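# Give me coordinates for this.
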Amino acid sequence: MNLEIKNTINAGGKYMVKINTFEQYLASKGIEVTENINADINKKDINEKLLLDHLKLISEFHKNAMGSTGIIKDRLDSSIGKIVEEYKINIKKLTRDFDKLKDQGASNSFEKILLDKAEDYIKMGEAVINNIYKNEYYDLIKRSMRNKEICLGQVDFGNLIKEDAIKVKNIKKCSYNMVEIDCFNFLYKYKKKEMSLDFKELVSMFCSFEGLDNNSYQFIISLLSFPYEFTKQCNKYRIREKDLTEEQYALKLHKAIVQDNLYLI
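Numbering: from 1, shown residues only. The predicted model follows:
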């Protein structure tokens, strides 16, 4: 995609690039936005070296992209702190559902599973949140804001490559956020696929690429340990937007239990 970056002359007579869009901002940082990316990887081809190489590229994107976009019209929104707040809300809702079922009893197979498993997942979720705050969460937020860190949001192989330059296909999910979140989003995809990987080592190496300390390491492994799929299915059951039977909801909850079978803290 061709960029029309206008040149203006400052008081000293030198040309300055006038940046009007986030795409132009990225171009000024050596990052090309292009539709010409075809790099999706089959699950059978995934290995830890491939994941490490991509985590290193994600880190390189972060280092190039960070900075203020306040000078452009479509400057970025901030997503800092949203995922932790979402997790806290999910645990509160699950606790309410569990307390209600303890009083009323389970009426179907989904509720029987919830009544049997919810207490364990509530404890797990609370331990995750406690570990995040115990490891200087607010300091991580301050660092991210001070550095004006920018996350890609969509971090899969099909959206980010490096050839002659770093190339990105979709920038719609970019936002100001803690760089740790891109690592979490990338690795969570493979946790959900139940892949046998050394997640702790992958997180440790990402922190090394970024120059981050143990607080960041603890933050990422905590996010990976949260029982998100279980709480998500409970939220869906509560709202009942889809026309599913109780048995279908129960099957989805069984699958979520398998997908949440990773606890790293």
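# Pull the distance from stretch 210-223 to the chain's centre.
Distance of stretch 210-223 from the chain centroid (C-alpha atoms, centre = their mean, to the nearest Å) equals 13 Å.
# how about it as CSV, C-alpha atoms only?
C-alpha atoms of stretch 210-223 as CSV (Å, rounded to 0.1, in the frame of the first residue of the first chain):
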residue,chain,number,x,y,z
GLU,A,210,12.5,-7.5,26.0
GLY,A,211,14.8,-6.9,28.9
LEU,A,212,12.0,-7.6,31.4
ASP,A,213,12.4,-8.8,35.0
ASN,A,214,10.8,-11.6,37.1
ASN,A,215,7.7,-9.5,37.7
SER,A,216,6.9,-9.6,34.0
TYR,A,217,7.6,-13.3,33.9
GLN,A,218,5.2,-13.9,36.8
PHE,A,219,2.6,-11.7,35.1
ILE,A,220,2.6,-13.6,31.9
ILE,A,221,2.6,-17.1,33.5
SER,A,222,-0.2,-16.0,35.7
LEU,A,223,-2.3,-14.9,32.8
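# tell me which residues of that stretch are tucked away?
Glu210, Leu212, Asn215, Ser216, Tyr217, Gln218, Phe219, Ile220, Ile221, Ser222, Leu223 (16 or more other C-beta atoms under 10 Å). Backbone N, C-alpha and C define where each C-beta goes, glycine included.
# Make sure the fourth one is actually in contact with Phe209.
No: using C-beta atoms under 8 Å, Ser216 is not in contact with Phe209; the gap is 11.2 Å.
# In the chain, mark out all the helices, start to finish.
22-28, 48-65, 82-104, 109-134, 137-147, 179-192, 199-210, 214-225, 228-239, 246-259 (DSSP state H).
# Pull out the buried positions in the first one.
Just to be clear, that refers to helix 22-28. Phe22, Glu23, Gln24, Tyr25, Leu26, Ala27.
# Pull the most distant pair out of these.
Largest separation among those by C-beta to C-beta: Phe22 and Ala27, giving 9.7 Å.
# tell me, how many neighbours does Arg75 end up with?
By other C-beta atoms under 10 Å, 13 other residues sit near Arg75.
# Repeat that for Leu264.
17.
# How about it: what's its closest non-neighbour residue?
Distances taken as C-beta to C-beta, 6 or more residues apart in numbering put Ile221 closest to Leu264, at 4.1 Å, once the chain neighbours are dropped.
# for Val258, same thing?
Glu194 is the one closest to Val258 (C-beta to C-beta, 6+ apart), at 6.5 Å.
# same thing with Glu111?
Leu101 (5.8 Å).
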